[in-house]
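In: Kindly return the folded structure for what I paste below:
(one chain, ligands or ions: 1)
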Amino acid sequence: MRYCAIRAVMAAAVLAPCAAGAEPQAEVLHWWTSGGEAKAVAVLQQEFAARGGSWTDMPVAGGGGDAAMTALRARVLSGNPPTAVQLKGPAIQEWYEEGVLADISDVAAAQNWEQVLPQAISAHMKCGGTWCAAPVNVHRVDWMWANAEVLAQNGIGMPASWEEFNAAAEKLIAAGITPLAHGGQAWQDATVFETVVLGIGGTEFYRKALIDLDEEALGSDTMTAVFDQMRILRGFVDDNFPGRDWNLATAMVMNGEAAFQIMGDWAKGEFLAAGKVPGEDFLCASTPGDGFLYNVDSFAMFDVGAGDAREGQEILAELIVGPSFQETFNLAKGSIPVRSDVSLDGFDSCAQLSARDMNAASDDAGLLPSFAHGMALRGAQAGAISDVVTAHFNSDMSSEEAVEQLGRAIANSM
Ligand code: BGC
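Out: Sure thing, here's the model as predicted:
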């Protein structure tokens, strides 16, 4: 009922001519605060300003967006939501169900989003048949980044299997180099975990375990093997890993203190922002195994009534999906454009590999939503899994115990 009322207000706002002298406004909540991220979000700020918009920035630091989501909840509960919010996957639907999202179908229709966006991505942006969010990019999560010189000096190539990774790591330890740059934060543990689930279990297992929450898959020997590998990886991080931000872990790879990082391609945004060149200073390869874990950033528009803020929302939505923003933003962010009609000619080899692998994966059912980045599951279930993953990573819990806890946590979260 509440949603119908919002739609009626929005429809009226869309039909009404803009008041003379109106200044489009946007208060934008996001968590893009690292060097590469800040460069990328500046593209949107500049394009918005060029359209006469006034941008109020609401950055909430904290990789993965957990802190930003807490800040969002407080704002919505106080009846004063931001205009546009970096929001992803099922969380968009969760907010829609609370009756607080605006309808941007008019922009989507005018820009023909139905045609220019891949169907799998559009599905996340639609709420009950209307459009409620604008997609920014496609980040890939199952990436491994490495310091090219450190690898060359130690006679190591990019590992094609987890066994190869483990062997390379032992060699690096013997040479006094931290094999894996990692930050001990729940979302980073979950990021590594999902790449191991994909690599050891394969695409079908990933789907069953982390999308369908299939009891058998969650309690299987394969899942035990995944936790075994997590335990091995725990031995490859340095002592100062707890609480470290992801971009500081990327910096460890940049300066040769560590050899590898397992992280989505926002890490490439950091390398690029520091002037590093892919293929020369740093290397990229997918983590061992098939498939492609996608993480689509998007902005959901909150119901802010008619007026300047509504106008701001429409301009933002239009800019975000526009081809020029898609190219400039993604060059800085490390991701690839969400539109398939934007040329990748100006993009680097890692981006080109990402696009190739994404197409190949979508042909053989290997294109999978990232659980760690809020694309696969609702908050309660995703939280239940990452709690267990983190508890295991930060203790001497056995793999068997972790698997048991996983089953219980999922059952309790339903
Ligand atoms: C977001 C990225 C962001 C990363 C680190 C991910 O969940 O999708 O845009 O750069 O978190 O903060």
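
In: Return the distance of residue 211 relative to residue 375.
Out: Separation of residue 211 from residue 375 (Cβ to Cβ, to the nearest Å) stands at 9 Å. From N, CA and C alone the C-beta is placed, and that goes for glycine too.

In: Identify the contacts common to these two.
Out: Both residue 211 and residue 375 are contacted by residue 369, under the criterion Cβ atoms under 8 Å, 6 or more residues apart in numbering.

In: Next, give phi and psi for the residue in the stretch 101-250 of the chain that the ligand sits nearest to.
Out: Among the residues of the stretch 101-250 of the chain, residue 139 lies closest to the ligand, at 5.4 Å counting by Cβ to the nearest ligand atom. Dihedral pair for residue 139: phi -90, psi 140, per degrees, to the nearest 10.

In: Report the beta-bridge partners for it.
Out: In this entry, residue 139 is beta-bridged to residue 295, by DSSP bridges.

In: How about the one 4 residues further on?
Out: With DSSP bridges applied, the residues forming beta bridges to residue 143 are residue 286.

In: How about the contacts made by it?
Out: 262, 263, 264, 265, 267, 268, 284, 285, 286, 287, 350.

In: could you redo the last one with a cut-off of 10 Å?
Out: 191, 195, 261-268, 284-287, 293, 334, 350, 353-354 (Cβ atoms under 10 Å, 6 or more residues apart in numbering).

In: Those residues: which ones sit near the ligand?
Out: For the ligand, the contacts drawn from the contacts of residue 143 by Cβ under 6 Å from any ligand atom are residue 266.

In: Which ones among the contacts of residue 143 map onto strands?
Out: The members of those that map onto strands under DSSP state E are 261, 262, 284, 285, 286, 293.

In: What degree of burial does the closest residue in space to residue 76 that isn't next to it in sequence show, as a neighbour count?
Out: The shortest distance from residue 76 to any non-neighbouring residue, by Cβ to Cβ, 6 or more residues apart in numbering, is to residue 100 (5.7 Å). As a burial measure, residue 100 scores 17 neighbours (other Cβ atoms under 10 Å).

In: pretty sure residue 100 contacts residue 81?
Out: Yes. Counting by Cβ atoms under 10 Å, residue 100 touches residue 81, with 6.1 Å between them.

In: what touches both of the two?
Out: Each of 300, 302, 303, 304 lies in contact with both residue 100 and residue 81 under the rule Cβ under 10 Å, 6+ apart.

In: Just the pLDDT for the residue nearest to residue 76.
Out: pLDDT recorded at residue 100 is 97.

In: any idea how far the residue nearest the centre of the chain lies from the ligand?
Out: The centre of the chain sits closest to residue 295, judged by Cα atoms, centre = their mean, with a distance of 4.1 Å. Using Cβ to the nearest ligand atom, to the nearest Å, we find residue 295 at a distance of 5 Å from the ligand.

In: hang on, that residue packs against residue 367?
Out: No. Proximity of residue 295 to residue 367 does not meet the contact threshold set by Cβ under 10 Å, at 11.9 Å.

In: anything in contact with each of these two?
Out: residue 138.

In: Strands along the stretch 1-150 of the chain, start to end?
Out: 25-30, 54-59, 84-87, 126-127, 130-131, 133-135, 139-140, 143-147 (DSSP state E, counting those that start in this stretch).

In: JSON lines for the ones you listed, including mean pLDDT?
Out: JSON lines is the format used below for these (pLDDT from 0 to 100):
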{"stretch": "strand 25-30", "mean pLDDT": "98"}
{"stretch": "strand 54-59", "mean pLDDT": "97"}
{"stretch": "strand 84-87", "mean pLDDT": "97"}
{"stretch": "strand 126-127", "mean pLDDT": "96"}
{"stretch": "strand 130-131", "mean pLDDT": "96"}
{"stretch": "strand 133-135", "mean pLDDT": "98"}
{"stretch": "strand 139-140", "mean pLDDT": "98"}
{"stretch": "strand 143-147", "mean pLDDT": "98"}
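
In: Let me know which of the ones you listed is the nearest to residue 118.
Out: Residue 118 lies closest, by Cβ to Cβ, to one member of the strands of the stretch 1-150 of the chain: strand 133-135, at 9.3 Å.

In: Tell me the helices and strands packed up against the closest one.
Out: Packing partners of strand 133-135 (3 or more Cβ pairs under 10 Å, 6 or more residues apart in numbering; DSSP states H and E): strand 84-87, helix 89-97, helix 105-110, helix 119-125, strand 298-301, helix 308-321.
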